[in-house]
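>>> show me the folded form of this:
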Amino acid sequence: MDDFATFLTHTRSARYLDYVGKADACVKDAAAFEAMRAHILARYAGLRAVRSLLVENDVFDCMISLEARVDASDESGCPEGSIPIRRITLEEMTRFQTLEDFLGKRPSSYPRL
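Numbering: from 1, shown residues only. Purely as a prediction, here's the structure:
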């Protein structure tokens with residue numbers, strides 16, 4: 001599990017060609033990849049991770065918003081003043097053809113209407 005800063009660095013520097021040919025990657029094209037990458041970076045803009053937790057196969061980052069502080073429940077495993085947010089990665093998103101498919105959780109093989 002990468003720390004949050006390493007995850008962001010990897011996401012910022014990732015390129016479409018890094019994912020072409022990967023077994024699970026179905027991303028449609030470079031434009032679709034860039035939309036996914038931009039979505040991830042926007043999701044974490046203005047947040048700071050104070051801890052990362054591995055729960056089964058998912059990484060949760062304990063986040064503090066730079067704009068507002070939120071109290072988390074003691075059960076989350078996150079320090080007071082932070083909230084757990086499940087980390088979304090390019091590896092997960094590129095299993096879909098487009099950002100819209102990912103957000104709708106529609107598999108690439110599902111027919112478009």
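>>> what about Met36, how many residues close to it?
Residues near Met36, counting by other C-beta atoms under 10 Å, number 26. For every residue, glycine as well, the C-beta is placed using N, CA and C.
>>> on the three-state scheme, it is what?
helix (DSSP: H, G, I helix; E, B strand; the rest coil).
>>> and it, how far from Glu80?
Computed with C-beta to C-beta, to the nearest Å, the distance linking Met36 and Glu80 is 33 Å.
>>> with Arg87 instead?
Per C-beta to C-beta, Arg87 is found 21 Å from Glu80.
>>> neighbour count winner among those two?
When Arg87 is set against Glu80 and neighbours are counted by other C-beta under 10 Å, the residue ahead is Arg87, at 21 against 11.
>>> show me what contacts the residue most central in space within the chain?
Residue closest to the average C-alpha location in the chain (C-alpha atoms, centre = their mean): Ile88, at 2.0 Å. Contacts of Ile88 were listed using C-beta atoms under 8 Å, 6 or more residues apart in numbering, and they are 40, 43.
>>> please apply the same query to Thr98.
Thr98 sits next to 27-28, 32, 35 when contact means C-beta under 8 Å, 6+ apart.
>>> go on, Phe7?
With contacts defined as C-beta under 8 Å, 6+ apart, the neighbours of Phe7 are 87, 89.
>>> let me know the helix or strand that it is in.
Counting by DSSP states H and E, the element that carries Phe7 is helix 4-13.
>>> buried residues in that helix?
For helix 4-13, a neighbour-count test (16 or more other C-beta atoms under 10 Å) marks 4, 7-8, 11 as buried.
>>> redo these as JSON lines? Include pLDDT and distance to Val50.
JSON lines is the format used below for the buried residues of helix 4-13 (pLDDT from 0 to 100; distance: C-beta to C-beta, whole Å):
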{"residue": "Phe4", "pLDDT": "95", "distance to Val50": "9"}
{"residue": "Phe7", "pLDDT": "96", "distance to Val50": "14"}
{"residue": "Leu8", "pLDDT": "96", "distance to Val50": "14"}
{"residue": "Thr11", "pLDDT": "97", "distance to Val50": "19"}
